[in-house]
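1. next come a sequence and a model predicted from it.
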Amino acid sequence: MAIRRNDPCPCGSGRKYKQCCLKKEKVVELGHVKQEQFFQMKKRLSERLAEEVLGSYAFLEYQSLMREFRERTGVHDRMDGYGHHWLMFFHQHPATDGLRGIEWYNRKKGRRDEPALQQMAQVWESLVPRLIQHVDFNEQGVLVEDLFTHERFHMPYCETLPEPLPWGGTFCLLEERDGGYYMNGVAAFVGPEKLIEAKKRLERYLKETGASYEKAAIDFFPEITGALLQEVERLAEEESELVHTTLVYSMTDVNEVLTAIHQTGRLDLDEWDGHSGKGALIGKRYRYEDNLANGSVSLNEVEGLIEIEADQLTFQSIDQAAVAYFQQLLKNIPQAVFLNKKKDSQKVPAGIKAISFSVGLEEGVQPVFAHFAHQAMHTKELHQPLPLFNGKTPAEMEGLERQTELEHWLQQLEFASYKETKDQTKEKWTADFNLLRKALNRPLSPFVTLRENRESALILLENPKEHTGGWTKVEMDLWEEMGLPVHEIKNGYAQDLLAFFQEKGEGKSPSTYYKYRLGVQVIAYFLVEEKIERMTGILPKQWEALIAYYYLELNHDATVNQAKGFFTVVKSFAVWLDQQHGTAYGPVVKKLVKEM
């Protein structure tokens with residue numbers, strides 16, 4: 001239904017629509033129209049300027065200048081746009097008495113243009129490139145700061161600036177229009193690391209030449225642009241050796257070996273068909289919680305990879321402590337016979353520690369939160385020496401009053417995370433780098449989604465846990481070991497599932513353990529989806545749905561043997577409920593399985 005001018009405004013302000021949001025809509029629409037007209041004028045003038053200035057050069061002279069530009073930037077591909085921008089706004093041509101392209105155009109050609117274009121061209125002649133960085137944003141645009149003068153400018157969202165870039169920036173001409181500032185020409189938007197390098201380079205030219213900022217920025221435009229486009233040069237770093245170790249064993253009894261490894265609580269099998277499979281040796285376990293997510297993310301530190309094929313077991317790791325632990329573990333298992341050990345090594349920068357994690361998402365949690373959970377791992381670096389800080393920790397940098405270096409590190413981390421997240425997920429949410437900033441007592445980042453209202457935490461699961469609703473730490477640990485969402489522990493069926501798994505799966509052989517673990521996961525999913533609150537009220541048609549639908553929905557590529565294993569779990573669960581609650585599910589489920 002259309003809103004009439006004199007109707008109450010739907011925003012709830014109490015005013016008439018024509019006096020409230022209709023006005024705002026017209027203002028926004030008018031702003032868009034004026035912005036579009038501005039960009040059309042820019043396009044027309046840019047085309048005329050390019051035609052006159054670039055067309056004034058002979059072919060060989062043009063080629064020579066473009067080659068000079070590439071050499072001065074140190075970048076030799078995809079530079080035509082930047083080179084043309086240089087010729088039009090910065091290069092001083094001897095044939096025109098040292099005038100820049102825009103200056104020559106205004107004196108020789110621009111007088112033919114209509115007054116509006118002449119006025120715009122005069123503005124363009126007065127512009128000096130600025131090294132700017134995004135420092136804040138709102139619904140209308142981005143706030144940028146000049147890294148030399150520390151002036152701040154509001155850049156409205158437009159075709160050349162569609163969104164804020166956390167702590168990113170560029171070296172460009174800024175053109176004012178109706179209180180907003182727009183980029184003129186081409187520019188490379190980069191991260192804080194390269195902005196710092198460009199600033200250092202320009203400061204060096206100012207010191208060496210004694211020139212004003214305006215002259216240095218124009219004269220050395222190619223070199224400053226090159227600082228943004230080149231890879232940052234790094235000083236030669238000390239190297240250390242990264243050793244990749246492979247252990248191979250033969251097994252006289254696969255089941256006994258897996259049982260012994262499983263009993264350590266550190267085995268995580270991804271694939272297992274009773275004879276072969278793949279898994280990992282797990283170290284520390286974490287849970288990441290975020291008030292943007294619909295659940296939590298589990299992170300398990302992978303210390304080594306395990307692969308079993310028939311009677312052979314292979315263990316691979318770059319963690320030499322994990323290698324020693326695994327060797328000692330299997331040394332005490334008679335059914336595991338050591339065959340050989342192989343080491344490969346490579347050089348890496350000193351201080352680099354490679355760690356991988358297996359990730360688990362609760363149902364309904366978007367994949368982007370796995371990336372955010374990894375980013376939260378930076379909180380572990382607070383008390384670890386970093387080569388970037390010459391062996392100091394981030395926490396020590398704050399105490400040493402080296403906050404500027406610390407801030408640059410934080411900004412670069414956030415910028416890189418934003419770019420990676422956008423490239424991989426297309427999501428506009430950002431990782432919670434304010435978690436790290438709070439720990440370091442640094443100002444919060446405005447680019448973090450929800451800003452100061454964002455709440456996240458990385459929890460080490462080995463830490464003592466508070467009791468929840470009468471659940472003990474042992475029960476909580478087992479619930480997580482079963483692979484069930486933490487929030488479901490409050491549901492009415494939780495105690496039954498836990499007790500059933502304790503009796504049937506916990507401490508049993510790996511094949512039995514993983515069969516019942518998968519079984520209770522499917523049953524829990526079934527109970528949630530069917531909204532079953534009482535174990536004494538499950539209908540025959542619901543048991544049929546569990547067997548015929550829910551299992552295959554979660555395990556669409558299940559083998560016949562795996563399906564038979566699940567049917568065994570369901571029959572066992574039905575009989576167990578009969579014993580606990582006096583129900584009569586056993587015969588019903590047995591009949592349904594037989595029909596299947």
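-> That came through fine.
2. neighbours around the nearest residue to residue 527 once chain neighbours are set aside, how many?
-> Leaving aside its sequence neighbours, residue 527 sits nearest to residue 493 (C-beta to C-beta, 6 or more residues apart in numbering; 5.1 Å). For every residue, glycine as well, the C-beta is placed using N, CA and C. Look at residue 493: counted by other C-beta atoms under 10 Å, it has 17 neighbours.
3. roughly how far does residue 493 sit from residue 548?
-> 21 Å (C-beta to C-beta, to the nearest Å).
4. and if you look at residue 407?
-> Residue 407 sits at a distance of 58 Å from residue 548 (criterion: C-beta to C-beta).
5. do the same with residue 521
-> Distance from residue 521 to residue 548, by C-beta to C-beta: 17 Å.
6. likewise residue 579?
-> Distance, residue 579 to residue 548, by C-beta to C-beta: 25 Å.
7. neighbour count: the two, which is higher?
-> Taking other C-beta under 10 Å, residue 579 and residue 548 do not tie; residue 548 has more neighbours (12 against 9).
8. was I right to think the more buried one contacts residue 596?
-> Yes: between residue 548 and residue 596 there is a contact under C-beta atoms under 8 Å: 6.8 Å.
9. list the contacts of the residue nearest to residue 527.
-> Residue 493 makes contacts with 524, 527, 532-533, 535, as judged by C-beta atoms under 8 Å, 6 or more residues apart in numbering.
10. quick check, pLDDT for it.
-> In this prediction, residue 493 carries a pLDDT score of 78.
11. and for residue 473?
-> For residue 473, the pLDDT comes out at 64.
12. now do residue 19
-> 59.
13. for the stretch 51-200 of the chain, give me the ranges with low pLDDT.
-> 78 (pLDDT under 70).
14. that one: strands as residue ranges?
-> Taking DSSP state E, counting those that start in this stretch as the test, the strands found in the stretch 51-200 of the chain are 92-93, 99-100, 130-137, 141-146, 152-156, 169-177, 180-184.
15. which among those is found nearest to residue 34?
-> Among the strands of the stretch 51-200 of the chain, the nearest to residue 34 by C-beta to C-beta is strand 169-177 (8.3 Å).
16. other SSEs contacting that closest one?
-> Where contact means 3 or more C-beta pairs under 8 Å, 6 or more residues apart in numbering; DSSP states H and E, strand 169-177 is packed against helix 115-126, strand 130-137, strand 180-184, helix 192-209, helix 221-229.
17. how about those in a markdown table, adding mean neighbour count and distance to residue 573?
-> As requested, these are arranged in a markdown table below (neighbours: other C-beta atoms under 10 Å; distance: least, C-beta to C-beta, whole Å):
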| stretch | mean neighbour count | distance to residue 573 |
| --- | --- | --- |
| helix 115-126 | 15 | 77 |
| strand 130-137 | 21 | 53 |
| strand 180-184 | 20 | 64 |
| helix 192-209 | 17 | 56 |
| helix 221-229 | 22 | 63 |
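18. how many residues are close by residue 425?
-> Around residue 425 there are 15 other residues, counting by other C-beta under 10 Å.
19. distance of it relative to residue 412?
-> Note on residue 425: its distance to residue 412, by C-beta to C-beta, is 20 Å.
20. likewise for residue 137?
-> Separation of residue 137 from residue 412 (C-beta to C-beta): 19 Å.
21. which residues of this structure score low on pLDDT?
-> For the chain, the stretches with pLDDT under 70 are 1-31, 78, 232-239, 274, 348-354, 399, 462-473, 486-490.
22. name the helix or strand for the most centrally placed residue in it, please.
-> In the chain, the centroid-proximal residue (C-alpha atoms, centre = their mean) is residue 421; its distance is 3.6 Å. Element membership for residue 421, per DSSP states H and E: helix 403-425.
23. now do that helix: distance to the chain's middle.
-> The chain centroid and the centroid of helix 403-425 are separated by 10 Å, computed with C-alpha atoms, centre = their mean, to the nearest Å.
24. likewise stretch 478-485?
-> 26 Å.
25. buried residues in it, which are they?
-> 478-480, 482, 484-485 (16 or more other C-beta atoms under 10 Å).
26. tell me who's in contact with the residue lying closest to residue 420 once chain neighbours are set aside.
-> Nearest residue to residue 420, sequence neighbours excluded (C-beta to C-beta, 6+ apart): residue 371, at 7.2 Å. By C-beta under 8 Å, 6+ apart, the contact set of residue 371 is 417, 420-421, 424-425, 431.
27. now the element after the helix holding residue 421, going C-ward?
-> The helix or strand immediately downstream of helix 403-425 is helix 434-439, counting by DSSP H and E.
28. show me what that next one is packed against.
-> So helix 434-439, by 3+ C-beta pairs under 8 Å, 6+ apart, packs with helix 403-425, strand 456-460.
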